[in-house]
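Engineer: Could you look at this predicted model? Sequence included:
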Amino acid sequence: MRPVIGMIAAPNPKLLHGRHLINTSYVRAVIAAGGTPLLIPSDGDDGLAAEYLPLLHGLLVPGGEDVTPALYGEDPLRQVTFMNEEKDRMELALIRGAVDRGMPVFGICRGIQLLNVCFGGTLYQDLPAQYPGVLGHAQDMAIRGQLTHRVTLEPDSLLEKLLGGEPLSVNSYHHQAVRTPAPGFTVTARAADGVIEGVEDPERNLYAVQWHPEDLVESHPRFRPLFRHLVERAEQYAGR
């Protein structure tokens, strides 16, 4: 049996009214890696997370809208104009439940940010406003499969083992980023301007990246191990 990988599908009236959304590339990347995606609606009380967790062997926390600044004790800057608190609550409940069970968790873009906030870290709400000398991290969505900036990997980190040695370039579609890493998190990748691009926490069985590998796996096979690793860990979890 293929391991089941859960991921949120949430309403986003800013993009499309009356639909639960998740990019197809996440679903296809998990299937190609050998997993079975299970889309979890964000609607309702976050207590519903407990109903879904027994069905899962792994959790993928995908990209999306800004994380609500109140979750890390801040009021929003004027650049933060769209949040989804219901999605935040459900996804945080899924993350905590997955970690409590020892389930593997992989975060992408918003996912690295939400994982960091979940365990006590903070974010840059808007890199251009808060990070002097920042590179262009928010490329046009029309080039989602294009490599746009370089990333340096920490030697002997999980990301280096999965992606190989440098040079490494990635795609980039974000204006927020990890500011203060959560306790227990190790920074494993940075852009040339110092912005954090990857973290891991072996104790919590989680790892995360700031770029979008789901849009690269077809044209750049180098990024496929990021998803295969999640599925392999999920297989181990299922077999316990």
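Structural biologist: Here it is on my side, so go on. Numbering: from 1, shown residues only.

Engineer: C-alpha only now, for contacts and for neighbours.
Structural biologist: Fine.

Engineer: Tell me where the chain is predicted with low confidence.
Structural biologist: Counting by pLDDT under 70, the chain shows low-confidence ranges at 11-21, 44-45.

Engineer: Do you have the strands of it handy? List them.
Structural biologist: 4-12, 16-21, 36-41, 58-61, 105-108, 123-124, 149-153, 168-170, 177-178, 186-191, 196-201, 206-209 (DSSP state E).

Engineer: Just grab the bridge partners of the closest residue to Ala191 other than its chain neighbours for me.
Structural biologist: Once flanking residues are discounted, Ala191 sits nearest to Val151: 4.5 Å by CA to CA, 6 or more residues apart in numbering. Val151 forms beta bridges with Leu168, Ala191, as assigned by DSSP bridges.

Engineer: Any idea how many residues pack against Val151?
Structural biologist: 21 (other CA atoms under 10 Å).

Engineer: which helices and strands does the longest helix anywhere in the chain pack with?
Structural biologist: Longest helix of the chain, by residue count under DSSP state H: helix 85-101. Helix 85-101 sits against helix 49-52, strand 58-61, strand 105-108, helix 110-118, with contacts defined as 3 or more CA pairs under 8 Å, 6 or more residues apart in numbering; DSSP states H and E.

Engineer: related to what we said a few turns ago, nearest to Met141, of the strands of the chain?
Structural biologist: Judged by CA to CA, the one of these that comes nearest to Met141 is strand 168-170, at 13.9 Å.

Engineer: Out of the helices and strands packed on helix 85-101, which gets nearest to Ala29?
Structural biologist: Short answer: strand 58-61, nearest of the helices and strands packed on helix 85-101 by CA to CA, at 11.0 Å.

Engineer: residues contacting the residue nearest to Ala191?
Structural biologist: 167-170, 189-192, 197 (CA atoms under 8 Å, 6 or more residues apart in numbering).

Engineer: For Leu216, state which of those residues is nearest.
Structural biologist: Val170 (8.6 Å).

Engineer: can you list contacts of stretch 102-116?
Structural biologist: Outside stretch 102-116, the residues that touch it by CA under 8 Å, 6+ apart are 57-67, 88, 92, 95, 98-99, 122-123, 174, 176-178, 181-182, 198-199, 204-213, 230, 233-234, 237.

Engineer: and what of stretch 180-194?
Structural biologist: Contacts for stretch 180-194 (CA under 8 Å, 6+ apart): 116-117, 119-123, 133-135, 149-154, 157-159, 196-201.

Engineer: Quick one: end-to-end length of that stretch, please.
Structural biologist: 13 Å (CA to CA, to the nearest Å).

Engineer: same check, this time on stretch 106-120
Structural biologist: End-to-end for stretch 106-120, by CA to CA: 18 Å.

Engineer: any chance of the helices and strands packed on helix 85-101 in TSV, plus mean neighbour count and distance to Tyr26?
Structural biologist: Formatted as TSV, those follow (neighbours: other CA atoms under 10 Å; distance: least, CA to CA, whole Å):
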stretch	mean neighbour count	distance to Tyr26
helix 49-52	15	19
strand 58-61	27	9
strand 105-108	26	10
helix 110-118	25	12
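
Engineer: could I get the longest helix of the chain in PDB with only the CA atoms?
Structural biologist: The C-alpha coordinates for helix 85-101 follow below in PDB (Å, rounded to 0.1, in the frame of the first residue of the first chain):
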ATOM      1  CA  GLU A  85      -7.000  32.300  10.000                       C
ATOM      2  CA  GLU A  86      -9.200  29.300   9.600                       C
ATOM      3  CA  LYS A  87      -6.500  27.600   7.300                       C
ATOM      4  CA  ASP A  88      -3.800  28.600   9.800                       C
ATOM      5  CA  ARG A  89      -5.600  27.000  12.700                       C
ATOM      6  CA  MET A  90      -6.400  23.700  10.900                       C
ATOM      7  CA  GLU A  91      -2.900  23.400   9.500                       C
ATOM      8  CA  LEU A  92      -1.300  24.200  12.800                       C
ATOM      9  CA  ALA A  93      -3.400  21.500  14.400                       C
ATOM     10  CA  LEU A  94      -2.300  19.000  11.700                       C
ATOM     11  CA  ILE A  95       1.300  19.900  12.200                       C
ATOM     12  CA  ARG A  96       1.200  19.500  16.000                       C
ATOM     13  CA  GLY A  97      -0.700  16.200  15.700                       C
ATOM     14  CA  ALA A  98       1.700  14.900  13.100                       C
ATOM     15  CA  VAL A  99       4.800  15.800  15.100                       C
ATOM     16  CA  ASP A 100       3.200  14.300  18.300                       C
ATOM     17  CA  ARG A 101       2.800  11.000  16.400                       C
END
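
Engineer: No further queries at this time; thank you.
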